[in-house]
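**Student:** Make a model of this:
(2 chains)
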Amino acid sequence: MKKNRKSQSAALWMAPAIKALFLCLFFGGAAVGYVWQQRKLHDLDVLQRTLEARLELLKRDNRVAMGQLADLQLPYRLQERVRQMRINLAPAVAAQLVRLPEPAFGFSPPALSVSFDTRRETASAPPRID
Amino acid sequence: MRPSATFRPGQLRWLLGFACALGLALGGLGVRLFVLQVKRHDELRALAMLMTQESIVREPWRGDILDANGNTLARSQPVKRVCADPVLIRDRQRDVARVLSPILGMTEEALSERLRITTRTLTNGIVRTNRFVDLRFDATLDQWQEIVRGMGNLPYDGNEGDLPKRERRFWQNLRHKAVFGVDSQRRAYPNHELAAHVVGVVGITNYVVQDSWVRELVGMEGIESTFNKQLSGVRGIRVTEKDRSNRELVRFRAQNAEPVAGLNVVLSVDLVLQKILEAELAEAAARFNPANAMGVVMRPRTGDILALANRVTFDPNNVKDSPLENRRNRVVNDFYEPGSTFKVVSLSAALNERVARLTDPFDCERGSWHYGGLTLTDHEHYNVLPLEIVFAKSSNIGIAKMALRMTEPAFYRYIRDFGFGARTGIELPGEALGRIRDPKYWHKTSMTRIPIGYEVAATPLQMTMAVAAVANGGVLMQPKVVKRLQDNQGRTVVDYPPVRVREVIPPDTVRQVLAAMKTVVSTNGSGVKAMMDDYTVAGKTGTAWKWNSATMHYDKRYYASFIGFFPADAPELCISIVLDDPQSGVYGGQVAAPVFKRVAEQAARYLKIPPDRGSLAARPEEPATLATAFRNPQTSRPLR
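**Tutor:** Model (predicted):
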């Protein structure tokens, strides 16, 4: 009977201990997980900040380069460089141009005549200015 | 049954005492919590937000202004706004000023004064020190690099290793954090004076958005002003939180709207033509020394302005270096009495009203004619001339007599139809209306003065558009400087097609006016100096007395002008040249016509306009081939 009681009390003692251990592990794990997550978030914060700064810097450099390129491509700058390099480039003279016949897309005189007459008949006097 | 817990009297007292103390402490804490969380909630929340939250207004990138071929006329350049934190500088203003003053171009004393710590009291009673001092708004990136290098090498007299940790941190902050840069932008105009009046200039405005000061570029003149909204883009905003070291806590970003860059404005202006026009105006200015020289090159069929220039100009990069009046775009903002160039309108009206024909003879009274109590004179003594020659010789008397055959309301209607007395609608700010009085206010001699370009005021642009209407088969177009708006990927967002205003005269009248205008640019006319070798030119010269508003008289100063187009029968370009008060030479035919010719020749070569006369004109029986094209025109030998 005594032995039995002893073994019963040991069983009774172990169960809460294991529960407590699991609870401790759970809370400890959650805490560690929370800290790990916060740490990770912080790292991602830093990474995002760094990458954003880098992106801004690249965009800025890109703009600077685009500006320099646009400056170099200005017609009179190119002309200046051609003169400096003495490569004798010049626009084609009229005699060197080959012209292909193109259909004319001008206005249609009869249509405009009609519209002019129509306008004259229907137009009101222009507004006065004083 | 479990035995009930029993305490000794001493233990119970202790327990009660402890419980009371605990209760009191917790109660006190509860009260404090209530005060902080409930009673002072709003106040403390605002204070906490002030300390941790930050609203960053993000400046959008201003769009570029491009010419018709994509060349940059105005662009935004990345610069650094150089700022300093006096709290981190403490008493080392002199050391910092010594490094920065040569780079920023300020004296050491002035810089030291700006870096001094000052305090201010906010409306809620909080005392704040100045932690943000602007030192320069537009330091270039090279200058910024110099600043970073200079501050990083800030010397300390002594062994820094001996300093306590706190002092070492101070020096580290002083070198790397006390002076900081904020990304900003500056407007750059790589072509300087070229097309300055069209492109315009920007100013700077400061205002508060979301409790933070925003510094923004605002268009003040030209396209920068008219298209300011489209160029500016949309501001972005970032509402976020920061830590004790002023670093952003990205995960607490509440709002993050990216700024939207402004649109690029593509103009119809061609940089090469603009350069040609400005160079020729400069040469004319050197030769004739006028108060100003103005020019417009435009395409009559579409109304596109290809070049627009004023000799009195400015460099938009250094606006302060030139007087304010130089920024005035006189082609659009000022009006003048156009003189004989206005005879194009009078002739068109008379021919269209069928009150005169080009062959009708008019007595030019040997250069002097009394009418309505006043004398009208010509610069030459002509007798009887047919109307075509009257126009070609620019006889005031002949044109006045022609105009008298019309009724005043009819003539007035033509003037208004040609666009005088109304804005043309060009996309440039401050356009002048010009001035033409209602016929009921005309006096007896008005019908002899208005037809020759007096008693009427027009802007050079209005005059150009009126002549361009003749070139365009009698159809008046709206002048246009802007072709389209595009995003930074080059995709068109808004397109501005040509706008037809109205038909002013029908094509059969146009043909007659054209014939008369061609005669002007012939050996029989006043515009002989505008004749081109390979193109037929139609145009009109103008020499107008200048009204002196101080003396209320015409004095011996003139506007010399020439407006013409070519090739006359299929016009590609209409060019207007106006010289204000030339000192040597007076007549438009002598002063302005040669400028027209030089501009037209270079423009024709650049735009490869097919010649319609001379040896290079295309002949139907001899179509150009590769074999004939690549021959030396002088030797007829093949080009190598």
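
**Student:** List the contacts of B:Arg405.
**Tutor:** B:Ala350, B:Val355, B:Ala356 (Cβ atoms under 8 Å, 6 or more residues apart in numbering or on different chains). All C-beta atoms are positioned from the backbone trio N, CA, C, and that covers glycine.

**Student:** hmm, the helix ranked longest in chain A touching chain B?
**Tutor:** Ranked by residue count, the top helix of chain A under DSSP state H comes out as helix A:2-72. Yes - with Cβ under 8 Å from any Cβ of the partner chain as the criterion, chain B is reached by helix A:2-72 at A:Leu41, A:Leu44, A:Asp45, A:Gln48, A:Arg49, A:Glu56, A:Arg60, A:Arg63, A:Val64, A:Gly67, A:Ala70, A:Asp71.

**Student:** pLDDT on that helix, on average?
**Tutor:** Across helix A:2-72, pLDDT averages out at 87.

**Student:** Please name every helix or strand in contact with it.
**Tutor:** If you count contacts as 3 or more Cβ pairs under 8 Å, 6 or more residues apart in numbering or on different chains; DSSP states H and E, helix A:2-72 packs onto strand B:72-84, strand B:179-188, strand B:248-249.

**Student:** ok, and what's touching stretch B:349-360?
**Tutor:** Residues contacting stretch B:349-360 (Cβ under 8 Å, 6+ apart): B:386-388, B:402-403, B:405-406, B:410-411, B:414-415, B:505-506, B:509, B:512-513, B:515-516.

**Student:** about what we covered before: now, the contacts of B:Arg405 that are in helices?
**Tutor:** B:Ala350.

**Student:** out of the contacts of B:Arg405, who's nearest A:Cys24?
**Tutor:** B:Ala350 (109.2 Å; Cβ to Cβ).

**Student:** so where's the longest helix in chain B?
**Tutor:** Secondary structure assigned by DSSP H gives helix B:9-34 as the longest helix of chain B.

**Student:** And the pLDDT for residue 93?
**Tutor:** Picked chain A for this. On the pLDDT scale, A:Val93 is placed at 74.

**Student:** look at chain B instead
**Tutor:** For B:Gln93, pLDDT reads 87.

**Student:** is it true that it touches B:Glu109?
**Tutor:** No - in this structure, B:Gln93 is not within contact of B:Glu109 by Cβ atoms under 8 Å, at 10.1 Å.

**Student:** Compare these two (neighbour count), which wins?
**Tutor:** Taking neighbours as other Cβ atoms under 10 Å in any protein chain shown, B:Gln93 and B:Glu109 compare with B:Gln93 leading, 19 against 11.

**Student:** measure that one to B:Asp157 for me?
**Tutor:** 16 Å (Cβ to Cβ, to the nearest Å).

**Student:** What about the residue of the stretch 351-500 of chain B found nearest chain A, how many residues nearby?
**Tutor:** The stretch 351-500 of chain B approaches chain A most closely through B:Arg416 (3.7 Å), counting by Cβ to the nearest Cβ. Neighbours of B:Arg416 under the rule other Cβ under 10 Å: 18.

**Student:** what about it, which helix or strand?
**Tutor:** helix B:408-417 (DSSP states H and E).

**Student:** Would you indicate which residues of that helix are buried?
**Tutor:** Neighbour-count burial for helix B:408-417 flags B:Phe411, B:Tyr412, B:Arg413, B:Tyr414, B:Ile415, B:Arg416, B:Asp417 (criterion: 16 or more other Cβ atoms under 10 Å in any protein chain shown).

**Student:** quick one: pLDDT of the last one?
**Tutor:** According to the prediction, B:Asp417 has pLDDT 95.

**Student:** for the residue lying closest to it once chain neighbours are set aside, what are its contacts?
**Tutor:** Among residues not flanking B:Asp417 along the chain, B:Val504 sits closest, at 4.8 Å (Cβ to Cβ, 6 or more residues apart in numbering or on different chains). Counting by Cβ under 8 Å, 6+ apart, B:Val504 touches B:Ser348, B:Tyr414, B:Asp417, B:Phe418, B:Ala469, B:Gly474, B:Val475, B:Leu476.

**Student:** I figured the first one hits B:Thr509, correct?
**Tutor:** Yes - contact criterion Cβ under 8 Å: B:Ser348 and B:Thr509 qualify, at 6.3 Å.

**Student:** Can you tell me how far the residue nearest to B:Thr375 when sequence neighbours are not counted is from B:Leu374?
**Tutor:** The shortest distance from B:Thr375 to any non-neighbouring residue, by Cβ to Cβ, 6+ apart, is to B:Ser368 (6.0 Å). According to Cβ to Cβ, B:Ser368 and B:Leu374 sit 11 Å apart.

**Student:** again, but for B:Lys343
**Tutor:** With distances taken as Cβ to Cβ, B:Lys343 is found 19 Å from B:Leu374.

**Student:** now B:Arg168
**Tutor:** 93 Å.

**Student:** doesn't B:Asp183 make contact with B:Gln77?
**Tutor:** No - when contacts are counted by Cβ under 8 Å, B:Gln77 is not listed as touching B:Asp183 (11.6 Å).

**Student:** just the residues of helix A:2-72 next to chain B now: which is nearest B:Val82?
**Tutor:** Of the residues of helix A:2-72 next to chain B, the one sitting nearest to B:Val82 (Cβ to Cβ) turns out to be A:Arg60, at 15.7 Å.

**Student:** how about the closest one, what does it touch?
**Tutor:** Residues in contact with A:Arg60 (Cβ under 8 Å, 6+ apart) are B:Pro78, B:Leu141, B:Asp183.

**Student:** Does chain A have contacts with the one helix or strand B:Arg166 maps to?
**Tutor:** Following DSSP H and E, one finds B:Arg166 within helix B:165-176. No - judged by Cβ under 8 Å from any Cβ, helix B:165-176 and chain A are separated, with a smallest distance of 15.1 Å.

**Student:** Flag every buried residue along that helix.
**Tutor:** Neighbour count says helix B:165-176 has B:Phe170, B:Leu174, B:Arg175 buried, by 16+ other Cβ under 10 Å.

**Student:** same deal with stretch B:51-63?
**Tutor:** Buried, per 16+ other Cβ under 10 Å, within stretch B:51-63: B:Glu54, B:Ile56, B:Val57, B:Glu59, B:Pro60, B:Trp61, B:Arg62, B:Gly63.

**Student:** Equivalent analysis for stretch B:557-571, please.
**Tutor:** Quick answer for stretch B:557-571 (16+ other Cβ under 10 Å): B:557-568, B:571.

**Student:** Check stretch A:66-79 too.
**Tutor:** Quick answer for stretch A:66-79 (16+ other Cβ under 10 Å): A:Gly67, A:Ala70, A:Leu74, A:Pro75.
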